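> Would you be able to build a 3D model of this:
(one chain, ligands or ions: 1)
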Amino acid sequence: MTTDSLNNTLFARAQKTTPGGVNSPVRAFKSVGGTPRFITRAEGPYFWDADGKRYIDYIGSWGPAIVGHAHPEVVKAVQDAAARGLSFGAPTEGEILMAEEICRLVPSIEQVRLVSSGTEATMSALRLARGATGRDKIVKFEGCYHGHADSLLVKAGSGLLTFGNPTSAGVPEDFVKHTLVLDYNNVAQLEDAFASMGDTIACVIVEPVAGNMNLIKATPEFLRAMRDLCTRHGAILIFDEVMCGFRVGLGGAQELYDIVPDLTALGKVIGGGMPVAAFGGRAELMQNMAPIGAVYQAGTLSGNPVAVAAGMTTLRLIQEPGFYEKLTAQTARLAAGLAQAAKEAGVSFCADSVGGMFGIYFSDEVPGSYAEMMAGDKTRFNAFFHAMLDEGVYFAPAAFEAGFVSAQHDDAVIDETIAAARRVFAKLA
Ligand code: PMP
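Purely as a prediction, here's the structure:
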């Protein structure tokens, strides 16, 4: 990119009034270096930056854009809703329709509350779990991200079964002293934790398909053990499906693995690019929420009519016949094509996918845990990322993120990506 790039100008300007020039850290390209692209518009599988360069987009707003950008039906629904008023602070029928749809599509959810971000959804689910059980301790897994609520911004402690340390300044030790951080996919460790303190654990929260340490799938045994231990010890099992819900399949990871959590957090796809997220579960548990129960939670813009219109239209579009079959096949085709291109060039690389989510790893084997994922070749990833960017393909700007395919990524778009990757791998070899 030349120095007179508008992206450079905008980045310099942004940094004057916004910390790091961005409103969410990963957008800053800190991990990969270089100048973030400032996006001016998006359509289908593409977006365009301030210099007018077109990219095939594999982040899809980090998950929401599953039907492709600026889908005409979603845009129309938003325009129509906006014309009727932006926000009322009083209930609407649209919120009932959305709740009914979520409950129908995710059978473990009998009642649901709409919020505006995934962070709010998981934070509120956690509060509900603690309120309902009268217990304080929570279990999370290293490498899973559940939004930026204090007690969830925790990294593993120094030894087995030690409580965690804050991963962010400004989070008091006192706030995380109840958060136990365990290894993903480690059944024995989870059993040990429950054996020593099971009756004081309020909940286990997990990304059943992890997408915040690249893509890492849970093993069925891991999720099954979690379900059994929670049931036996009266703890609440929270599936954080903010990313994998409506992404790995219509019923989310819980349908894929056939496991019924007590509570589920949703976001991203259910807003179709607008701020809608949700948490829900068994009615008897959800009855603990204010205004009928003692667990408080609220939001000025919760169930916002314009956002709900985008979400409902998206939920309708993803139920068209064959939607997930096609999305899954296209994503698998991308993963296989990238892996083949790397193999031809002799680059140590592999790829994996589930539904419309994929992971690319600069290692010989697909990782199963945070530690294994961290062992990948980050320098090579960064070189790959920038070379692909030059080719007009935008992957997640960090080695630790999953990628996303939309229904608009057709054969031609995937083939163009693989052809670009073949040129890039040849240079990397
Ligand atoms: N949970 C998961 C699994 C997520 O991937 C994210 C966001 N990437 C969140 C929670 C937080 O959602 P939000 O950014 O909407 O607050």
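
> Pull the number of nearby residues for residue 416.
Residues lying near residue 416 (other CB atoms under 10 Å) number 16. (Glycine included, C-beta is placed from N, CA and C.)

> Please shift the residue numbers so they start at 727 in all later answers.
I'll keep to 727 as the first residue from here, and by that count the last item is residue 1142.

> Quick check: it touching residue 780?
No - here residue 1142 lies out of contact with residue 780, judged by CB atoms under 8 Å, at a distance of 10.9 Å.

> can I have stretch 792-799 written out in PDB, keeping just the CAs?
In PDB, the C-alpha atoms belonging to stretch 792-799 read as follows (Å, rounded to 0.1, in the frame of the first residue of the first chain):
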ATOM      1  CA  ILE A 792     -24.200 -15.100   7.100                       C
ATOM      2  CA  VAL A 793     -26.600 -14.200   4.200                       C
ATOM      3  CA  GLY A 794     -23.900 -11.900   2.700                       C
ATOM      4  CA  HIS A 795     -23.600  -8.200   3.100                       C
ATOM      5  CA  ALA A 796     -26.400  -5.800   2.300                       C
ATOM      6  CA  HIS A 797     -28.800  -8.500   1.500                       C
ATOM      7  CA  PRO A 798     -31.700  -6.600  -0.300                       C
ATOM      8  CA  GLU A 799     -34.400  -8.200   1.900                       C
END
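
> tell me the mean pLDDT over that stretch?
Mean pLDDT, stretch 792-799: 98.

> Then stretch 1099-1112?
94.

> Likewise for stretch 950-957?
98.

> what helix or strand does the nearest residue to residue 796 once chain neighbours are set aside sit in?
Distances taken as CB to CB, 6 or more residues apart in numbering place residue 769 nearest to residue 796, at 4.9 Å, with adjacent residues excluded. Assessed by DSSP states H and E, residue 769 sits inside strand 765-769.

> neighbouring contacts of that strand?
Strand 765-769 has contacts (CB atoms under 8 Å, 6 or more residues apart in numbering) with 773, 774, 775, 776, 778, 783, 791, 794, 795, 796.

> The third one: what's it in contact with?
Residue 775 makes contacts with 732, 733, 763, 764, 765, 766, 781, as judged by CB under 8 Å, 6+ apart.

> need those residues in CSV with pLDDT and distance to the ligand, can you?
Below are the contacts of residue 775 laid out as CSV (pLDDT from 0 to 100; distance: CB to the nearest ligand atom, whole Å):
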residue, pLDDT, distance to the ligand
732, 97, 27
733, 97, 24
763, 98, 19
764, 98, 20
765, 98, 17
766, 98, 23
781, 98, 20
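
> Would you list the buried entries among those?
Neighbour-count burial (16 or more other CB atoms under 10 Å) applied to the contacts of residue 775 gives 733, 763, 764, 765, 781.

> What distance do you get for the first one to residue 1110?
When you say that, I think you mean residue 733. Distance, residue 733 to residue 1110, using CB to CB, to the nearest Å: 20 Å.

> just the fourth one next, same as before
In this structure, residue 765 lies at 21 Å from residue 1110, with CB to CB as the measure.

> what's the answer for residue 838, then?
In terms of CB to CB, residue 838 sits 40 Å off from residue 1110.

> The residue of the stretch 977-1126 of the chain found nearest the ligand - how many residues pack around it?
Using CB to the nearest ligand atom, residue 993 is the residue of the stretch 977-1126 of the chain that sits closest to the ligand, at 4.8 Å. By other CB under 10 Å, the residues close to residue 993 number 29.

> Residue 987 now?
If you count neighbours by other CB under 10 Å, residue 987 ends up with 30.

> what does residue 736 give?
Look at residue 736: counted by other CB under 10 Å, it has 18 neighbours.

> Same question for residue 849.
Neighbouring residues of residue 849 were enumerated by other CB under 10 Å; the total is 22.

> got the contact list for the nearest residue to it once chain neighbours are set aside?
Spatial nearest neighbour of residue 849, excluding adjacent residues (CB to CB, 6+ apart): residue 875 at 3.8 Å. Applying CB under 8 Å, 6+ apart to residue 875 gives the contacts 845, 848, 849, 852.

> Looking at those, which one is closest to residue 1121?
Within the contacts of residue 875, distances to residue 1121 taken as CB to CB reach their minimum at residue 845, with 24.2 Å.

> Excluding chain neighbours, what is closest to the closest one?
residue 873 (3.0 Å).

> Give the rounded mean pLDDT of stretch 818-836.
On average, stretch 818-836 scores 98.

> Show me which positions of it end up buried.
818, 820, 821, 824, 825, 827, 828, 829, 831, 832, 834, 835.

> want to throw those residues into CSV with secondary structure and distance to residue 1135?
Below are the buried residues of stretch 818-836 laid out as CSV (DSSP: H, G, I helix; E, B strand; the rest coil; distance: CB to CB, whole Å):
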residue, secondary structure, distance to residue 1135
818, coil, 34
820, helix, 30
821, helix, 32
824, helix, 27
825, helix, 31
827, helix, 25
828, helix, 26
829, helix, 30
831, helix, 23
832, coil, 25
834, coil, 30
835, coil, 29
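
> Out of the buried ones among the contacts of residue 775, the closest to residue 949 would be?
residue 781 (35.3 Å).

> Is that closest one in a helix, a strand, or coil?
Here residue 781 is recorded as strand under DSSP: H, G, I helix; E, B strand; the rest coil.

> just how off-centre is the helix or strand harbouring residue 958 within its chain?
Residue 958 belongs to helix 946-959 when assigned by DSSP H and E. Between the centre of helix 946-959 and the centre of its chain there are 23 Å (CA atoms, centre = their mean, to the nearest Å).

> Pull the residues that contact that helix.
Residues from elsewhere that reach helix 946-959, judged by CB under 8 Å, 6+ apart: 910-913, 916-917, 920, 924-925, 927, 929-930, 932, 934, 961-963, 983, 985-988.
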